[in-house]
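> sequence and predicted structure below; questions after.
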Amino acid sequence: MCKSYIISPLLTSRIQLLPPQLISQIAAGEVVERPASVVKELLENSLDAGASRIVVEVEQAGVRLIRIRDNGSGITPDDLALALTRHATSKIASFDDLQQVASLGFRGEALPSIASVSRLTLTSRTAGQDSGWRISGDAMDEAAPVPHPIGTTVEVRDLFFNVPARRKFLRSERTEFSHIEEGVRRLALSRFTVGFSLWHHQRVVLNLEPATDQIAWAQRVAELCGPEFIAASAFTDREDAGLRLWGWIGLPETARAQPDLQYFFVNGRPVRDRVINHALRQAYQDVLYRDRHPAAVLYLELDPAALDVNAHPTKQEVRFRESSPVHDFIRRTVQTALADIRPGTAPPPLIQVEGRSGGLVHRFSPPGPSGLPLRGVQERMSAYAQLHQATPAESDAAMTSATAIAITEPDPEPPLGYALGQLHGCYVLAENPSGLVVVDMHAAHERILYERLKAALAEGGLATQALLVPVTLTVNASERRQIEEQGNLFAKAGFEVALLGPEIAVVRQIPALLAGADIAGLVRDMLADLAAEQASDRSEAAILALLGSLACHGAIRVNRRLNLLEMNALLRDMERTDHGGQCNHGRPTWAQLTLEELDRLFRRGR
């Protein structure tokens, strides 16, 4: 039989004040969810106290013991008991202070809430005292003097000993400790100048020295996020209209299956925010493969008055007074940084990172333009303009002159080097000073066309061509609805598509770029792309999807034979194109095999 659960009636109809202990335990339900919550709250207090070194010791994933020691400003003996009182804080004193909070904590609930569900002792010493002072969490006894260095130690034992239902819902020791480690990781990323140590069962897990310059910052990011992330990321820093965004963004090829390597900080506060998440996602929309998620460690700085940090009891969420400008600023900044990552940018400085995977050389600073050689390129570009019209016979005829141009090309060498030939009608092989470059010619040309289409659209529209013989195609009910509802988008993309009947559509005009393409197949692909778009981003994402279809159909097809002139022109265009390292679907367009890798492959020493 199925049990029935009946809510019992109220035992009394009288209104009464709750006991202080019960009030604190109810508050603890909001603040202290698990041991990691305790660690987070106490670490925030240490950082607000100006600590430059913090040691976290836990046993049994924090259930048996959490001890946090810092070298901050400390608490005076007279304030120790007050620190364990609800709604007592040194961080705000008025509503004006609340409107522009700069500290991590400010509610004054953490210590009393933690003390209500554990056995807590608080020990502290300020700079002007000869000894430290200690008080228990129940504040039943007066503070007593004890030896202690300047700073504060909070010891939390037997978490949830008096609330067994809460302890029952804790996960395994490994899971609970992973939450603690992640919390320490986030705060360590938020304060580079503070040293952090994390111990579990008297074994060191993290030991981070204070970082005082950008190289040391990158080393800390590498240790906390992995050497692979910092090696495949670009540093960006931009200010505009009172907003500043800086940090590391992962290259598109390092995107992950889950958003588990995304760290966001607003005015030094670790946050999880939908506005930032959405802006980051939009910035990567042209370069991500399918449902992958970008990796990023980003720091947003703005006027504290433009931010509401009192949006959630755990202070992990914020609310922007005006979210639209913030969203646009983040999206534009990340998009620009991604567009600047291309062949031909100067290699960033190298740093030696001692990560968990061993000593590796990694880069961290923003790439800057190195300039591309301009001499000898015009001949290639003129040949590239004829790429769609050239017949195989014309391509063969141009081979001799292309070879001559490639031989006489002056230094300096372009980043992707010079073409050697084609492989299986799909890849272009090129030689540069580093070794061998392999280019997926269709993917590379697709990105080039896509960026050109976007630029042409932004400048006023695409060049079009009327069809002497209109193309007709049969459509189903869904496709017919897309043509009826999205005619303006087709017009923006250079198409004139109309319905001749319930199941017949006609195409009378196409973009000039697509002369000779499979028009019926292209229109069907565009209709499928439109149907797949979500309504929330429909206007912008839909037109981008249409342009992506155009670029895909207009790009060089596999098994198209190219001469050296055309191959080199393709390489030069890749060097000039935004996001040239990925096609519209997020797949890589080229790869570098260095001489060292080739030597290792053939066991050859130099």
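It's in.
> for Cys505, helix, strand, or coil?
Wrong residue type there; residue 505 is Ala, not Cys. strand (DSSP: H, G, I helix; E, B strand; the rest coil).
> state the distance from the nearest residue to it once chain neighbours are set aside to Gly586.
Leaving aside its chain neighbours, Ala505 sits nearest to Val475 (4.9 Å; criterion: Cβ to Cβ, 6 or more residues apart in numbering). The C-beta positions use only the backbone N, C-alpha and C, and glycine is treated the same way. Val475 sits 30 Å away from Gly586, going by Cβ to Cβ, to the nearest Å.
> which one's more surrounded, those two?
Each of Val475 and Gly586 has its neighbours counted (other Cβ atoms under 10 Å); Val475 has more, 22 against 18.
> my guess is the more buried one contacts Arg481. True?
No - judged on Cβ atoms under 8 Å, Val475 makes no contact with Arg481 at a distance of 9.3 Å.
> quick revisit: and the residue nearest to Ala505, how far from Gln422?
38 Å.
> need the contact list for the residue nearest the centre of the chain.
Centroid check for the chain by Cα atoms, centre = their mean gives Ala296 as the closest residue, at 3.0 Å. Going by Cβ atoms under 8 Å, 6 or more residues apart in numbering, Ala296 touches Gly247, Trp248, Ile249, Gly250, Leu261, Gln262, Tyr263, Phe264, Leu280, Val334.
> now, of those, which are buried?
Gly247, Trp248, Ile249, Gly250, Leu261, Gln262, Tyr263, Phe264, Leu280, Val334 (16 or more other Cβ atoms under 10 Å).
> who's in contact with the residue lying closest to Asn584 once chain neighbours are set aside?
Distances taken as Cβ to Cβ, 6+ apart place Gly548 nearest to Asn584, at 4.4 Å, with adjacent residues excluded. Gly548 sits next to Tyr450, Asp529, Asn584, His585 when contact means Cβ under 8 Å, 6+ apart.
> flag the least confident of those residues.
Lowest-confidence member of the contacts of Gly548: Asp529, scoring 72 (pLDDT).
> quick check: next helix or strand after the helix or strand harbouring that one?
Using DSSP states H and E, Asp529 sits in helix 519-532. For helix 519-532, the following helix or strand on the C-terminal side (DSSP H and E) is helix 538-554.
> now that next one: buried residues?
Buried-residue list, helix 538-554, by 16+ other Cβ under 10 Å: 541-554.
> and for stretch 503-518?
Buried residues in stretch 503-518 (16+ other Cβ under 10 Å): Ala505, Val507, Gln509, Ile510, Pro511, Leu513, Leu514, Ala517.
> now, which of these lie within strands?
Of these, the ones assigned to strands by DSSP state E are Ala505, Val507, Gln509, Ile510, Pro511.
> the longest strand in the chain is where?
The chain, longest strand under DSSP E: strand 464-474.
> in terms of pLDDT, where does Thr400 sit?
42.
> can you tell me the SS state at Glu155?
strand.
> hmm, which helix or strand of the protein has the shakiest average pLDDT?
strand 358-363 (a mean of 34; mean pLDDT, DSSP states H and E).
> the helix holding Asp529 to strand 504-511, inter-axis angle?
Per axes from the mean of the first three to the mean of the last three Cα atoms, to 10 degrees, the angle that helix 519-532 makes with strand 504-511 is 100 degrees.
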